[in-house]
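1. Please find the sequence and the predicted model below.
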Amino acid sequence: MKNENLLTLPKDYEDFEVSSATLKTNDIINNIRYFISSVENLLNANIINEFNKLFNEYESIAIFVDIDNIDTQDLILSELFDLMQEIAPGNCSFESHTGDGASFGFWLNNDDY
């Protein structure tokens, strides 16, 4: 059962890696999709629906690889990053790790150190 009130992830997800060792758009989107499926029972259904809309949009263009679709994939990835930021634990940002640009996750904000 979904928690209809939870809009952000709990503290358990501070300093939590979602995607690593890749900068390929397809891999990052799939890693985000896997992560969201693992936490969907924690989050508001409306947020999960927003993620699913983007995943479905991505699926509809992923089979066609041309320059226009690459731009669209990048736009979808950007929108996914925005949604990941929305669900980030209170004192975290969803971004690449400062020590590893191919590691994306919920990292504690620098001013919290």
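-> Structure's in. What do you need?
2. in stretch 42-55, what's buried?
-> L42, L43, N44, I47, I48, E50, F51, L54, F55 (16 or more other Cβ atoms under 10 Å). (Glycine included, C-beta is placed from N, CA and C.)
3. can I get those residues in JSON lines with pLDDT and distance to L9?
-> What follows is the buried residues of stretch 42-55, written out as JSON lines (pLDDT from 0 to 100; distance: Cβ to Cβ, whole Å):
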{"residue": "L42", "pLDDT": "93", "distance to L9": "7"}
{"residue": "L43", "pLDDT": "93", "distance to L9": "7"}
{"residue": "N44", "pLDDT": "93", "distance to L9": "11"}
{"residue": "I47", "pLDDT": "95", "distance to L9": "10"}
{"residue": "I48", "pLDDT": "95", "distance to L9": "13"}
{"residue": "E50", "pLDDT": "96", "distance to L9": "15"}
{"residue": "F51", "pLDDT": "97", "distance to L9": "13"}
{"residue": "L54", "pLDDT": "95", "distance to L9": "18"}
{"residue": "F55", "pLDDT": "95", "distance to L9": "18"}
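4. Quick check: of the residues you listed, which lies closest to N30?
-> Closest approach between the buried residues of stretch 42-55 and N30, by Cβ to Cβ: F55, at 9.3 Å.
5. That closest one touches Y34, doesn't it?
-> No - using Cβ atoms under 8 Å, F55 is not in contact with Y34, being 10.7 Å away.
6. would you list every one of the helices in this protein?
-> For the chain, applying DSSP state H gives helices covering 25-39, 45-62, 67-87.
7. can I get those in a markdown table with distance to F106?
-> Below are the helices of the chain laid out as a markdown table (distance: least, Cβ to Cβ, whole Å):
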| stretch | distance to F106 |
| --- | --- |
| helix 25-39 | 10 |
| helix 45-62 | 15 |
| helix 67-87 | 8 |
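8. which one of these lies closest to G99?
-> Closest approach to G99 among these is made by helix 25-39 (17.9 Å; Cβ to Cβ).
9. how about that closest one: buried residues?
-> For helix 25-39, using 16+ other Cβ under 10 Å, the buried residues are I28, I29, N30, N31, I32, R33, F35, I36, V39.
10. cool, stretch 85-102 as well?
-> I87, A88, P89, C92, F94, E95.
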